[in-house]
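Enquirer: one predicted model, sequence on top.
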Amino acid sequence: RTPSVTGRRRPVWANWYMGGNWLCQHLWEHYAFTQDKQYLAQHAYPLMKGAALFTLDWLVPDKNGYLVTAPSTTPENKFKDQNGAAQGVSVGTTMDMAIIWDLFTNLIEASQVLNIDAEFRALLLAKRQQLLPPQVGRQGQLLEWYRDFAETDPQHRHALAPVWAAPGPPAFGRGTPELFQAARKSLELGATRGQAGAKPGKSTGGRACTTATMPTGWFASCCATPTPRAATGPAALPQPV
């Protein structure tokens, strides 16, 4: 990611090692929609495999034997360390781990569709089982970081961890009632702190789309309500982000 003027030399802005992996999701979704095996074999699969090879080199075992990313950030957000100082670098953030799970899962299925790379597929299956699973915090929320760190900005406009719980990869919420509730709790905590709908834009849209997949229509409506209002006239345009 290219550093912005305000974010130069700050990892929370300027460095995100999973950006390429995230973009790979679009490659798989293009195949899933078109069912174009030629596109999958010639274009999507080689790129996805390259991203997975990078990821396998990037992952390291933590003290409990789980594979984590290190260093790791969660885009544009920070936490407080034991001394109360704001920090942006941790290990195994939920965003990282969910994106990796998604990449491995899609690549496993792609190799099955193309009937290739059986040995590499087996490696991905094994490594996927070792990925750090989602963590639930003391308030019942889905954690964004490796531990239940105090937040520097409880009203932060991003809600990255819940976005990956539904309708994300199976291990990150879908079909898992406990994680589903944890994701919902994260979104509700954000709403009670003024997070939901605070600034119409991509974060509001993402939050609304996430909650639309849950049996919480009132909350999706709450997220989306400010957006049409903001488009009614020049004086009500969204604030710069």
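Expert: Structure's in. What do you need?
Enquirer: can we go C-alpha only for contacts and neighbour counts from here?
Expert: Will do.
Enquirer: if you average pLDDT per helix and strand, which one of the protein comes out bottom?
Expert: helix 226-230 (a mean of 44; mean pLDDT, DSSP states H and E).
Enquirer: all helices of the protein, in order?
Expert: All helices of the chain, identified by DSSP state H, fall at 11-14, 19-34, 37-39, 45-58, 94-114, 118-130, 160-163, 177-192, 202-212, 217-224, 226-230.
Enquirer: looking at the ones you listed, which one has the lowest mean pLDDT?
Expert: With a mean of 44, helix 226-230 has the lowest mean pLDDT of the helices of the chain.
Enquirer: so Gln130 makes contact with Tyr66?
Expert: Yes. Judged on C-alpha atoms under 8 Å, Gln130 makes contact with Tyr66 at a distance of 5.3 Å.
Enquirer: give me the more crowded residue out of those two.
Expert: Comparing Gln130 with Tyr66 by neighbour count (other C-alpha atoms under 10 Å), the higher total belongs to Tyr66, at 17 against 14.
Enquirer: give me phi/psi at the more buried one?
Expert: When read as degrees, to the nearest 10, the backbone of Tyr66 gives phi -80, psi 150.
Enquirer: does it really touch Pro134, like I thought?
Expert: No. Counting by C-alpha under 8 Å, no contact exists between Tyr66 and Pro134, whose distance comes to 11.5 Å.
Enquirer: overlap in contacts of those two?
Expert: With contacts defined as C-alpha atoms under 8 Å, 6 or more residues apart in numbering, no residue is shared by Tyr66 and Pro134.
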